[in-house]
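1. sequence unknown, structure follows:
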């Protein structure tokens, strides 16, 4: 996979001094890994990534989005893609925004269903970030795919 733009954030938080509104300072993802940065984030829009965040109900999330995402993926033919397991047991599914879509005007909904968020504006924690008791890890190394259900996201 190509190198990604990345940010640093404070371990154990969702606070980044690199990502402040329109003021975003990015680094090479690979370089942050090499210098063993303890908490690495991937800014979505800056990498043309749409990241689907599927939660698992538990201590940190009220809703479980796995059943919805499974049905949605089947109905719309969503391919397997690069996937990261989150500290809470959920998943981040990475998709590339097609070049034919203008990133400046693209505006997906922030949520597809309870427990299924669409990350476009903002960032997500990325491997090998360590949470209190869990290290984020890649669980599926499929090729990163273009998101094929853009019409659905645009509604």
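-> All right, it came through fine. Nothing here was measured: the structure is a model prediction, and the numbers come from that model.

2. alpha carbons only for contacts and neighbour counts from here, please
-> OK.

3. can you pull out the strands in the chain?
-> With DSSP state E as the criterion, the chain has strands at 5-8, 19-20, 23-24, 27-28, 40-43, 49-54, 83-85, 91-96, 111-113, 116-119, 123-126, 137-140, 145-146.

4. And the ones you listed: which comes nearest residue 72?
-> The minimum distance between residue 72 and the strands of the chain falls on strand 111-113, with 9.4 Å, by Cα to Cα.

5. quick one: strands adjacent to that closest one?
-> Using DSSP bridges, the strands paired with strand 111-113 are strand 116-119 (antiparallel).

6. could I get the strands of the chain as a markdown table with mean pLDDT?
-> As requested, these are arranged in a markdown table below (pLDDT from 0 to 100):
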| stretch | mean pLDDT |
| --- | --- |
| strand 5-8 | 96 |
| strand 19-20 | 90 |
| strand 23-24 | 90 |
| strand 27-28 | 96 |
| strand 40-43 | 95 |
| strand 49-54 | 94 |
| strand 83-85 | 88 |
| strand 91-96 | 92 |
| strand 111-113 | 94 |
| strand 116-119 | 95 |
| strand 123-126 | 93 |
| strand 137-140 | 66 |
| strand 145-146 | 52 |
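
7. Dump these into JSON lines; add mean neighbour count and distance to residue 67 as well.
-> Supplementary listing: these in JSON lines, determined by neighbours: other Cα atoms under 10 Å; distance: least, Cα to Cα, whole Å:
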{"stretch": "strand 5-8", "mean neighbour count": "24", "distance to residue 67": "30"}
{"stretch": "strand 19-20", "mean neighbour count": "15", "distance to residue 67": "32"}
{"stretch": "strand 23-24", "mean neighbour count": "12", "distance to residue 67": "35"}
{"stretch": "strand 27-28", "mean neighbour count": "14", "distance to residue 67": "35"}
{"stretch": "strand 40-43", "mean neighbour count": "25", "distance to residue 67": "26"}
{"stretch": "strand 49-54", "mean neighbour count": "25", "distance to residue 67": "10"}
{"stretch": "strand 83-85", "mean neighbour count": "22", "distance to residue 67": "16"}
{"stretch": "strand 91-96", "mean neighbour count": "23", "distance to residue 67": "13"}
{"stretch": "strand 111-113", "mean neighbour count": "16", "distance to residue 67": "10"}
{"stretch": "strand 116-119", "mean neighbour count": "21", "distance to residue 67": "10"}
{"stretch": "strand 123-126", "mean neighbour count": "22", "distance to residue 67": "22"}
{"stretch": "strand 137-140", "mean neighbour count": "15", "distance to residue 67": "19"}
{"stretch": "strand 145-146", "mean neighbour count": "18", "distance to residue 67": "21"}
